[in-house]
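> no FASTA, just this:
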């Protein structure tokens, strides 16, 4: 719902600030240079997150947050992490390869001993 409202507001020319600690919201943020912008503000520290901060902190762009959380886990949504992967390993995966019909990932590149999910 929040994502849909953000998209609608942007289409109407409005910038949006979302106050939330939920990582799922990060998939809605835009670059700070976008016009209009969408950012997340954490309620506890008041930190402002744009796409640049998301990529720097988590290693993935906002459009890959949902796939990243599915692999590294998100306890608030009940996602268990993929074994032996973690946030850094999930960020190293080719998350663009995840589709609703077929998931194929090469975990960390060739020669890492982890194989592939198909």
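Structure's in. What do you need? All values derive from a computational prediction rather than experimental measurement. Residues are numbered from 1 along each chain as shown.

> make it CA atoms for all contacts and neighbour counts henceforth
Fine.

> spatially central, which residue of this structure would that be?
Centroid-nearest residue in the chain, with CA atoms, centre = their mean: residue 65, separated by 1.5 Å.

> that one reaches residue 29, doesn't it?
No - counting by CA atoms under 8 Å, residue 65 sits too far from residue 29 to count as a contact (10.6 Å).

> so where do the helices sit in the protein?
Applying DSSP state H to the chain gives helices spanning 2-11, 51-58, 65-72, 86-92.

> among the ones you listed, which gets the worst mean confidence?
Within the helices of the chain, the stretch with the lowest mean pLDDT is helix 86-92, showing a mean of 72.

> which parts of that one are buried?
By neighbour count on 16 or more other CA atoms under 10 Å, the buried set for helix 86-92 is 87, 89, 90, 91, 92.

> got it, and stretch 26-38?
26, 27, 28, 29, 30, 31, 36, 37, 38.

> re earlier: in TSV, list the buried residues of helix 86-92 along with distance to residue 20.
Output for the buried residues of helix 86-92, formatted as TSV (distance: CA to CA, whole Å):
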residue	distance to residue 20
87	20
89	25
90	23
91	22
92	26
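
> of all these, which comes closest to residue 13?
Residue 13 lies nearest to residue 91 out of these, by CA to CA, at 32.0 Å.

> the closest one contacts residue 62, doesn't it?
No - with contact defined as CA under 8 Å, residue 91 does not reach residue 62; the gap is 11.8 Å.

> can you map out the strands along the protein?
Here the chain has its strands, by DSSP state E, at 16-19, 38-41, 48-49, 105-106, 116-117.
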